[in-house]
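Q: Got a sequence here, can you model it:
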Amino acid sequence: MKKSVLRKIFLVVLGVSFISSTYVAVIVFFLTSDLYKFFIALVGTQILFLIPVFGVIKAVDKAIVKKLRTVSQAMKEVSMGNLDYEIKVERTGDELEELAESFERMRISLKTIIEKLEKGEL
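A: I've put the predicted structure just below:
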């Protein structure tokens, strides 16, 4: 299994959320001197930290990682000689759209040059 950037981000955030929830639980313990409340605070804050984390990870996956995989797949296809593989450029107005458009222009230029070479025009 490949190590993805998203997985690394998730592990860092998971570690930070664990440290943060432990910090909150320790404060609760010192304020109440109740071990039961310590564990409730530990588990409760961990859950409260992780729910938004999963949402953010899903949003990042949808917004960035899937688009990068699309461009990566197109690069693989073109590198294997499939110059007819069109990349579908989503209009998002961000750097990933720019990257996909640039790659698509490069693919079209390569295809045009190869066609001209085959016809003897170059």
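Q: Tell me how many other residues crowd residue 47.
A: Counted by other C-beta atoms under 10 Å, the residues lying close to residue 47 total 11. The C-beta positions use only the backbone N, C-alpha and C, and glycine is treated the same way.
Q: contacting residues around it?
A: By C-beta atoms under 8 Å, 6 or more residues apart in numbering, the contact set of residue 47 is empty.
Q: Can you tell me how far it is from residue 21?
A: According to C-beta to C-beta, to the nearest Å, residue 47 and residue 21 sit 9 Å apart.
Q: so what's residue 42 up against?
A: Shown in contact with residue 42 (C-beta under 8 Å, 6+ apart): 21-22, 24-25.
Q: 6 Å instead?
A: Applying C-beta atoms under 6 Å, 6 or more residues apart in numbering, one finds that residue 42 lies in contact with 21, 25.
Q: Give me the pLDDT value at it.
A: pLDDT, residue 42: 89.
Q: Which positions in stretch 106-113 come out as buried?
A: residue 107 (16 or more other C-beta atoms under 10 Å).
Q: show me where pLDDT drops low in this structure?
A: Along the chain, the model assigns pLDDT under 70 to residues 1-3.
Q: those helices in it, which residues are they?
A: For the chain, applying DSSP state H gives helices covering 5-32, 35-60, 66-79, 95-119.
Q: what about those helices, which gets the closest to residue 89?
A: Of all the helices of the chain, helix 95-119 sits nearest to residue 89, with 4.5 Å by C-beta to C-beta.
Q: got the contact list for the closest one?
A: Applying C-beta under 6 Å, 6+ apart, the external contacts of helix 95-119 come out as 67, 71, 78, 83, 87, 89, 122.
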